[in-house]
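> Quick one, what's the 3D model for this:
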Amino acid sequence: MLIHFKNYWLYLHTPYVLSMKANTRFEAAKEAIVNGIPAHATSEQREDHLGEFYKNWVLQEATRQQEYNSEWRRRSMEGIKLAARVSYQKFKARFTS
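Residues are numbered from 1 along each chain as shown. Model (predicted):
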């Protein structure tokens, strides 16, 4: 039973765990960019550096984000189908009992 629960937990939380890893990578990369900006840089220059970083991050992560979104949608549809089946069975049971 514990093994099944662990597998189910991993199944449910893998997208979340992967997104947390992406957040960690993002924050580390952003920190490296911020630390690399010269202290005498103007706010506009800082904004330009961070804007370029954000643009590159989105491009770099696009495939991974699409995979995450597809998996999330697939799992959501599985949950909706299950809920619909249960509702249908409950509805049917009211008339057959």
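> Just to check, residue 37 is in contact with residue 52?
No: using CB atoms under 8 Å, residue 37 is not in contact with residue 52, being 11.1 Å away. Any C-beta I mention is one placed from the backbone N, CA and C, and that applies to glycine too.
> could you pull out the strands for the protein?
Using DSSP state E, no strands are found in the chain.
> And the pLDDT for the closest residue in space to residue 26 that isn't next to it in sequence?
With CB to CB, 6 or more residues apart in numbering as the criterion, residue 26 has its nearest non-adjacent residue at 6.4 Å, and that residue is residue 57. pLDDT recorded at residue 57 is 92.
> Can you give me the neighbour number for residue 57?
Residues within reach of residue 57, counting by other CB atoms under 10 Å, total 16.
> got it, and residue 38?
Residue 38 has 9 nearby residues by other CB under 10 Å.
> mind checking the backbone torsions on it?
Backbone torsions for residue 38, taken as degrees, to the nearest 10, come to phi -60, psi 150.
> ok, now how distant is it from residue 46?
Separation of residue 38 from residue 46 (CB to CB, to the nearest Å): 9 Å.
> and if you look at residue 87?
From residue 87 over to residue 46 (counting by CB to CB), the distance is 54 Å.
> Check residue 83 too.
Following CB to CB, the distance that separates residue 83 from residue 46 is 48 Å.
> okay, those two: which has more neighbours?
The residue with more neighbours, out of residue 83 and residue 46, is residue 46; 14 against 10, by other CB under 10 Å.
> Tally up the residues packed near the nearest residue to that one once chain neighbours are set aside, please.
Of all residues beyond its chain neighbours, the one nearest residue 46 is residue 37 (5.4 Å), with distances taken as CB to CB, 6+ apart. Neighbourhood size, residue 37 [other CB under 10 Å]: 13.
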